[in-house]
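Engineer: Pasting a predicted model and its sequence here:
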Amino acid sequence: MSTEASRTAARWMLSPAVILLLIWMIVPLALTLWFSFQRYNLLYPDRAGFVWFQNYTSFVASPAFWSAIVNTLILVGGVLVITVIGGILIALLIDQPIWGQGYVRIMVIAPFFIMPPVAALIWKNMLMNPSNGLFANAFAAMGMQPYDFLGQSPLLSIVIIVAWQWLPFATLILLTALQSLSSEQLEAAEMDGAPAIKRFWYIMLPHLARAITVVVLIQTIFLLGILVEILVTTNGGPGSQSTTLTFLVYKEAILDSDVGTAAAGGVVAVILANIVAIFLMRAIGKNLDA
Amino acid sequence: MARAVSTRRKLGFTVAAWTVALLLFFPILWTFLTSFKTEAVAVAQPPQWLFFDWTFENYVAVQEQRNYFSFFLNSVIIAVGSTALGLLVAIPAAWSMAFVPGAKTKDLLMWMLSTKMMPAVAVLVPIYLIFIRLGLLDTRIGLVIVLMLINLPIIVWMLYTYFREIPGEILEAARMDGATLRSEILYVLTPMAVPGIASTVLLNIILAWNEAFWTITLTTVSAAPLTKFISSFSSPQGLFYAKLSAASVMAIAPILIMGWFSQKQLVRGLTFGAVK
């Protein structure tokens, strides 16, 4: 059906989407690149000028940058470990014959639909607050001192909050993948006397490998960009204990009005995100051929 | 699995699954309960679970003191507007890629996906400055455009995977039977495409409703949606747990219900068709 006429029509139908995305991608990125070579602070507009790589060197040389990188790795790594392992276990559990599976599913998935500021504020105030939070109440009931989660372990607390948000996503995708596994194969293995742990390791896990890859890559893209959860809970603190790369760039741009440094930081973030993106595109590209 | 399971085993799994589910759901449940308490009861020790005087005063207060409805309206306009605009651009694009695939179609799809990988914070300043220059800052139309653009790759991808499942032979058969292009689109393709489009709309509204980076950074008051509204509760003034809860419930309820209906599409949309 691809006649010459239909191909021309197809090009016309495609072009709005392509042009819009092209503009959306190129214009802001080009501006960011341009700013990153400038001394450009909105508070000191007179001190502007081209400074080559000075923004990059000062940004990368600052201790804030390296602690932000470490914090970013902890946040992304921590959430990934919790959500992937937790997701596999919960998916296996829901996949068992149980009563009220539909209700269980609905409850497990719910946190994913909660907008980030709501999720963060619920955890910060109602659960983790050291004087009125439910955790403090529970600690007191057990005769223990209340623990100031966000004050004493800010990054770990944020990891918990974000993991709660993303656990449903991992679970849902792994469950979908699990349900496409043929039960005959499992039953055959069971008949042959393979214990549950071996059935999981040699049959289920290889089957899940692809879904796990997708979960890891997609979550990494989103986790690298986490901002609001930090903004409304700790604001990057205390000190810089919960400042990630994204938050650091945001801080340079919005709070310090230092456009030049923020742009350089932004370019670094783009490079990091692209490294992950290349792997993700490969994983998804394979599916297009299939 | 099609085999008999002992009742005891099933009971054990059921208890375990319900325990996990209730734990994960608990923060939402607790927020829901707290929204019906007075501020004093909300922080009472020991915590009050069910047997307190249920009140709607927080919902009334959130509307009267904080003007909840204007934020809600902004959320609706931004979510629905960006979805509608996105469909307008994405349907023709996905359509042509699914039915008239060329040598470059796959590359084009991958490239669209790659625009989604751009860290928002890296382009925050340019977008902000452009918005100031064009007078789009704190306007609904500005947010509709930005959210349309960030979700466009997902819409195109999702529609593409749905459209690709429509068999092309059906079109040829209809043409053989003498159908005109117009009736072909109207009576053959549209009915088959509608379920896919509906799923895409649902997922996109959820994503746009919950989008919190651009909606918070690019608005102040007049175009601020619920994400911004809730963030304003991060600096507490006095006792406010019950009001925070009521505001939260009103911000998440519509989308939570929509989300429950779109579980399947969610997997497909968010993995770009890699997991179905």
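Structural biologist: Noted; the coordinates are in hand. Since we're looking at a predicted model, the values are computed, not measured.
Engineer: and the stretch 51-200 of chain B, which of its residues are near chain A?
Structural biologist: Residues of the stretch 51-200 of chain B that fall close to chain A, judged by C-beta under 8 Å from any C-beta of the partner chain: B:89-90, B:92-93, B:95-97, B:99-100, B:102, B:106, B:108-110, B:112-130, B:149, B:152-153, B:156, B:168, B:171-172. All C-beta spots, glycine's among them, are computed from the backbone N, C-alpha and C.
Engineer: Buried subset of the residues you listed, written for PyMOL?
Structural biologist: If you want just the buried ones from these in PyMOL, going by 16 or more other C-beta atoms under 10 Å in any protein chain shown, the selection is:
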select buried, chain B and resi 89+90+92+93+95+96+97+99+100+108+109+112+113+114+115+116+117+118+119+120+121+122+123+124+125+126+127+128+129+130+149+152+153+156+171
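Engineer: out of the residues of the stretch 51-200 of chain B next to chain A, which are inside helices?
Structural biologist: The members of those that map onto helices under DSSP state H are B:89-90, B:92-93, B:95-97, B:99, B:106, B:108-110, B:112-115, B:124-130, B:149, B:152-153, B:156, B:168, B:171-172.
Engineer: For residue B:231, see how far away residue A:142 is.
Structural biologist: According to C-beta to C-beta, to the nearest Å, residue A:142 stands 33 Å off from residue B:231.
Engineer: out of the two, which sits in the more crowded spot?
Structural biologist: Residue environment comparison for residue A:142 versus residue B:231 gives the larger neighbour count to residue B:231, 22 against 7, counting by other C-beta atoms under 10 Å in any protein chain shown.
Engineer: Quick one: residues contacting that one.
Structural biologist: A:117, A:121, A:228, A:231-232, B:212, B:216 (C-beta atoms under 8 Å, 6 or more residues apart in numbering or on different chains).
Engineer: try 10 Å this time
Structural biologist: For residue B:231, the contact set (C-beta atoms under 10 Å, 6 or more residues apart in numbering or on different chains) comprises A:115-118, A:120-121, A:228, A:231-232, B:212, B:215-216, B:224.
Engineer: Residue A:199 too?
Structural biologist: For residue A:199, the residues meeting the contact criterion (C-beta under 10 Å, 6+ apart) are A:185-187, A:189-190, A:192, A:205.
Engineer: Filter the contacts of residue B:231 down to the ones in helices?
Structural biologist: Here DSSP H is the test, and the contacts of residue B:231 give A:116-118, A:120-121, A:228, A:231-232, B:215-216 as lying in helices.
Engineer: Residue ranges in the chain under the pLDDT threshold?
Structural biologist: No chain specified, so I'll use chain A. Counting by pLDDT under 70, chain A shows low-confidence ranges at A:1-3, A:287-290.
Engineer: think we crossed wires, I meant chain B
Structural biologist: In the prediction, chain B carries residues with pLDDT under 70 at positions B:1-5, B:236-239, B:272-274, B:276.
Engineer: Now the residue sitting nearest the centre point of it: which helix or strand?
Structural biologist: The centre of chain B sits closest to residue B:206, judged by C-alpha atoms, centre = their mean, with a distance of 1.0 Å. With elements delineated by DSSP states H and E, residue B:206 resides in helix B:190-210, which encompasses its position.
Engineer: Excluding sequence neighbours, find me the nearest residue to residue A:242.
Structural biologist: Closest residue to residue A:242 in three dimensions, ignoring its sequence neighbours and counting by C-beta to C-beta, 6 or more residues apart in numbering or on different chains: residue A:154, at 4.0 Å.
Engineer: Check residue B:69 too.
Structural biologist: In this structure, residue B:69 finds its nearest non-sequential neighbour in residue B:63, 6.2 Å apart by C-beta to C-beta, 6+ apart.
Engineer: was I right about that neighbour contacting residue B:229?
Structural biologist: No - using C-beta atoms under 10 Å as the test, residue B:63 is too far from residue B:229 to be in contact (11.6 Å).
Engineer: higher neighbour count, these two?
Structural biologist: Relative neighbour count places residue B:229 above the other of residue B:63 and residue B:229, with 25 against 16, counting by other C-beta under 10 Å.
Engineer: give me every residue that touches that one.
Structural biologist: By C-beta under 10 Å, 6+ apart, the contact set of residue B:229 is A:117, B:62, B:66-68, B:70-72, B:74-75, B:215-216, B:219, B:247, B:250-251.
Engineer: Which among those residues count as buried?
Structural biologist: A residue is treated as buried here by neighbour count (16+ other C-beta under 10 Å); on that basis the buried members of the contacts of residue B:229 are A:117, B:62, B:68, B:70-72, B:74-75, B:215-216, B:219, B:247, B:250-251.
Engineer: Sort out for me which of the residues you listed are in helices.
Structural biologist: In this view, these that belong to helices under DSSP H are A:117, B:62, B:68, B:70-72, B:74-75, B:215-216, B:247, B:250-251.
Engineer: could I get those as a markdown table with distance to residue B:241?
Structural biologist: As requested, these are arranged in a markdown table below (distance: C-beta to C-beta, whole Å):
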| residue | distance to residue B:241 |
| --- | --- |
| A:117 | 16 |
| B:62 | 13 |
| B:68 | 17 |
| B:70 | 23 |
| B:71 | 20 |
| B:72 | 21 |
| B:74 | 25 |
| B:75 | 23 |
| B:215 | 24 |
| B:216 | 22 |
| B:247 | 11 |
| B:250 | 15 |
| B:251 | 15 |
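Engineer: Now do the contacts for the most centrally placed residue in chain A.
Structural biologist: In chain A, the centroid-proximal residue (C-alpha atoms, centre = their mean) is residue A:223; its distance is 1.8 Å. Remark: with contacts taken as C-beta under 10 Å, 6+ apart, residue A:223 is in contact with A:72, A:75-80, A:83, A:159, A:162-163, A:166, A:244, A:246, A:276.
Engineer: cool, and residue B:246?
Structural biologist: Neighbouring residues of residue B:246 by C-beta under 10 Å, 6+ apart: B:31-32, B:34-37, B:56-63, B:68.
Engineer: Just name the closest of these to chain A, please.
Structural biologist: Sorting these by how near they are to chain A, with C-beta to the nearest C-beta, puts residue B:31 at the top with 5.4 Å.
Engineer: For the closest one, give its distance to residue B:79.
Structural biologist: Between residue B:31 and residue B:79 the computed distance is 22 Å (C-beta to C-beta).
Engineer: Does residue B:253 touch residue B:32 like I think?
Structural biologist: Yes - checked against C-beta under 10 Å, the pair residue B:253 and residue B:32 is within contact range at 8.9 Å.
Engineer: So between those two, which is more surrounded?
Structural biologist: Here residue B:253 and residue B:32 are compared on neighbour count by other C-beta under 10 Å; more neighbours surround residue B:32, at 16 against 12.
Engineer: what's whichever strand or helix holds residue B:268 packed up against?
Structural biologist: If you go by DSSP H and E, residue B:268 is part of helix B:263-270. Under the contact criterion of 3 or more C-beta pairs under 10 Å, 6 or more residues apart in numbering or on different chains; DSSP states H and E, the helices and strands touching helix B:263-270 comprise helix A:101-109, helix A:154-179, helix A:205-224, helix B:140-163, helix B:190-210.
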